[in-house]
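Asks: Requesting a structural model of the entry that follows:
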Amino acid sequence: MNLLVLITGTGRSGTSTMSGTLHHLGLSVPGPHLGANASNPKGFFESSWAVAFHKRITAAARINDFDSRPGAFARTQAVLTPQLREELTTFLAEKSAGHPQVVVKDPRSVWAQTLWREAAADAGLEIRYISMLRHPAEVVGSRATYYAKQAEEDQRHTYETFNVARWVNSSVLSERETRGQVRAFVRYTDLLEDWRPVLARLGSELGLSYDSDLAEGVPSPVDEFIDPGLRRHQVTWDDLDVPADLQDVAQRVWDDVSVLGDSAGVDPSASADLDLQAERYARIFADATAVSHDAIEEAKDEARRAGAKAARKKPSAPAPAPALEDRPLRDVGGRDLLRTAVGRLTGRISGRIRGR
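Replies: Predicted coordinates for the structure are as follows:
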């Protein structure tokens, strides 16, 4: 039985650490990978191909990679095509050749988890999902450090609010789209504090096998890879400026996915409450959109005005140059001059002959 392990979850939730851990335990994490940087010094262990694939989907749907809109999922489904499924199937078939356990990590896969499941089946793979969990306050704190622009930092309330909203939307969507599948939820803090029992549990729940012993005291490359100091942002709700109703929904979602993390990914009451929280979030979003109606209309009007102004400033296209034979001889030079003069003289002679 060949497996595809798809690592999902919101950005900055430990997906790279999980992917790298599985790599060091002998599973195949196909590259080329995104390179390490200050935000992820140990490396992303994230397929460049998968990132580009998902960005094509989000661009076609005209959504953000981690969109907060409840309707963003429907927009992505409308742009998923049989051609995309064929491309993904080909990628998986090529990368799984000779590798019984393949790992792909990309939080953007939340928009296309059914597509991944179908393509995996087409490529002869059984899919397993690992959803990484990190408290939304810590996720937002981490994103603010590495990804916020200066203007966004000056508007702390706005930045923190829409990033919590993105976390909620992604979390409820990912749980709903993987419900009923073989899956596991893993807290980032558990992985950092003691990775061995976490990976032992994943091996049991997902049917994974490793090329090294997980017993305590047995040296492993994972010991050098996982650094508890990677958890550099221990932020709480008290550190954020987020509306109370949105904060309450986010906390309820966190509590529910934590229950799923402790129950092998299956807990009907937690899943049912996640559906309720998704409905609450949709109402909050709709209310916020209605309240900001005038601001939205003003932004649309300013965009139209800016577009019209840019169009007026755009220089008109130059008139096409006249054909060589139509130019005055003084504007023709070099070999073109001789050819043009001979052509015109021949034309005149022919005309006189025809006129006789």
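Asks: Give me the phi and psi angles of Gly11.
Replies: For Gly11, the backbone dihedrals are phi -60, psi 150 (criterion: degrees, to the nearest 10).
Asks: got it, and the one 5 residues further on?
Replies: Dihedral angles phi and psi of Ser16 (degrees, to the nearest 10) take the values phi -70, psi -40.
Asks: residues contacting the residue most central in space within the chain?
Replies: Residue closest to the average C-alpha location in the chain (CA atoms, centre = their mean): Arg108, at 3.0 Å. With CB atoms under 8 Å, 6 or more residues apart in numbering as the criterion, the residues that contact Arg108 are 50-51, 54-55, 57-58, 65-66. C-betas here are computed from N, CA, C, even on glycine.
Asks: for the protein, what spans make up the strands?
Replies: Using DSSP state E, the strands found in the chain span residues 3-9, 101-105, 126-133, 183-187.
Asks: So for Leu206, which of those strands sits nearest?
Replies: When those are compared by CB to CB, strand 126-133 sits nearest Leu206, at 4.4 Å.
Asks: Phe45 and Arg304, how far apart?
Replies: 44 Å (CB to CB, to the nearest Å).
Asks: out of the two, which sits in the more crowded spot?
Replies: Higher neighbour count among Phe45 and Arg304: Phe45, with 26 against 10, using other CB atoms under 10 Å.
Asks: so who does the residue lying closest to Lys95 once chain neighbours are set aside touch?
Replies: Closest residue to Lys95 in three dimensions, ignoring its sequence neighbours and counting by CB to CB, 6 or more residues apart in numbering: Pro30, at 4.0 Å. Going by CB under 8 Å, 6+ apart, Pro30 touches 47, 49, 95, 99, 102, 104.
Asks: Let me know the pLDDT of Pro30.
Replies: Pro30 is assigned a predicted lDDT (pLDDT) of 89.
Asks: Adding neighbour count, pLDDT and distance to Asn163, write the contacts of Arg108 out as a markdown table.
Replies: Formatted as a markdown table, the contacts of Arg108 follow (neighbours: other CB atoms under 10 Å; pLDDT from 0 to 100; distance: CB to CB, whole Å):
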| residue | neighbour count | pLDDT | distance to Asn163 |
| --- | --- | --- | --- |
| Ala50 | 22 | 93 | 23 |
| Val51 | 18 | 93 | 20 |
| His54 | 19 | 96 | 19 |
| Lys55 | 13 | 96 | 19 |
| Ile57 | 22 | 98 | 21 |
| Thr58 | 20 | 97 | 17 |
| Asp65 | 18 | 94 | 12 |
| Phe66 | 22 | 93 | 8 |
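Asks: Out of the residues you listed, which is nearest to Arg166?
Replies: Taking CB to CB as the measure, Arg166 lies nearest Phe66 of the contacts of Arg108, at 4.6 Å.
Asks: could you check the distance from the closest one over to Val253?
Replies: According to CB to CB, Phe66 and Val253 sit 15 Å apart.
Asks: residues in contact with stretch 87-97?
Replies: With CB under 8 Å, 6+ apart, stretch 87-97 has contacts from 2, 4, 28, 30, 49-50, 53, 102, 115-116, 119-120, 122-125.
Asks: Those residues, buried ones only, as a ChimeraX selection?
Replies: Entered in ChimeraX, the line below selects the buried ones among the contacts of stretch 87-97, by 16 or more other CB atoms under 10 Å:
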select :4,28,30,49,50,53,102,115,116,119,120,123,125
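Asks: among the contacts of stretch 87-97, which one has the lowest pLDDT?
Replies: Among the contacts of stretch 87-97, Pro30 carries the weakest pLDDT, at 89.
Asks: Can you pull the phi/psi pair for that residue?
Replies: According to degrees, to the nearest 10, Pro30 has phi -60, psi 140.
Asks: same thing with His135?
Replies: Dihedral angles of His135 (phi, psi; degrees, to the nearest 10) stand at phi -50, psi 140.
Asks: thought Val198 was touching Leu191?
Replies: Yes. Counting by CB atoms under 8 Å, Leu191 is a contact partner of Val198 at 5.2 Å.
Asks: show me where the stretch 201-350 of the chain has helices.
Replies: For the stretch 201-350 of the chain, the helices defined by DSSP state H, counting those that start in this stretch cover 221-225, 244-261, 268-291, 293-313, 334-355.
Asks: I'm done for today, thanks for sticking with me.
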